[in-house]
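Participant: Quick one, what's the 3D model for this:
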Amino acid sequence: MARARVKVHVPKTGRYVRVRVKSPKSFKPKSFRTHDIGRAGHSKRVAGKLKKSGRWGTQAYLIPKKEFDKPSGQRLMKQIKAKHG
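Facilitator: Numbering: from 1, shown residues only. Okay, the predicted model is just below:
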């Protein structure tokens, strides 16, 4: 099975950098949920139900902009790339 490329989106506004690991089109509409990972209120995981299997999968990670360029943000990026390619 081929792995999707990890895409990083840095918006001009907002508090988070979105690190996309799967296309939102792969998920059932209105099934997305956001979960804190690590400390509450910091990095988050966006998950949804996959269309094909109905199982929960990760669509993206949200990393606060102020932490993205710090060592903790870079560590998280390495973990994401190792897990999702």
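
Participant: what residue ranges in this structure are flagged as low confidence?
Facilitator: Across the chain, residues meeting the criterion (pLDDT under 70) sit at 1-4.

Participant: Do you have the strands of it handy? List them.
Facilitator: Per DSSP state E, the chain carries strands over the ranges 7-9, 16-20, 33-36, 44-49, 56-64.

Participant: so which of those gets nearest residue 73?
Facilitator: strand 56-64 (5.5 Å; C-beta to C-beta). C-beta here means a position set from N, CA and C on the backbone, and glycine is covered the same way.

Participant: any chance of the strands of the chain in CSV, plus distance to residue 72 and mean neighbour count?
Facilitator: Output for those, formatted as CSV (distance: least, C-beta to C-beta, whole Å; neighbours: other C-beta atoms under 10 Å):
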stretch, distance to residue 72, mean neighbour count
strand 7-9, 16, 12
strand 16-20, 13, 20
strand 33-36, 15, 11
strand 44-49, 14, 18
strand 56-64, 9, 19
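
Participant: Switch these over to a markdown table; also include distance to residue 27.
Facilitator: Output for the strands of the chain, formatted as a markdown table (distance: least, C-beta to C-beta, whole Å):
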| stretch | distance to residue 27 |
| --- | --- |
| strand 7-9 | 15 |
| strand 16-20 | 12 |
| strand 33-36 | 11 |
| strand 44-49 | 4 |
| strand 56-64 | 6 |
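
Participant: Tell me which of the ones you listed sits nearest to residue 81.
Facilitator: Taking C-beta to C-beta, strand 16-20 is the member of the strands of the chain nearest to residue 81, at 9.0 Å.

Participant: elements contacting that closest one?
Facilitator: strand 7-9, strand 56-64, helix 65-68 (3 or more C-beta pairs under 8 Å, 6 or more residues apart in numbering; DSSP states H and E).

Participant: May I see these arranged in TSV, with distance to residue 77 as well?
Facilitator: Listed next are these as TSV, based on distance: least, C-beta to C-beta, whole Å:
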stretch	distance to residue 77
strand 7-9	8
strand 56-64	8
helix 65-68	8
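
Participant: Enumerate the beta-bridge partners assigned to residue 63.
Facilitator: Beta-bridge partners recorded for residue 63 (DSSP bridges): residue 17.
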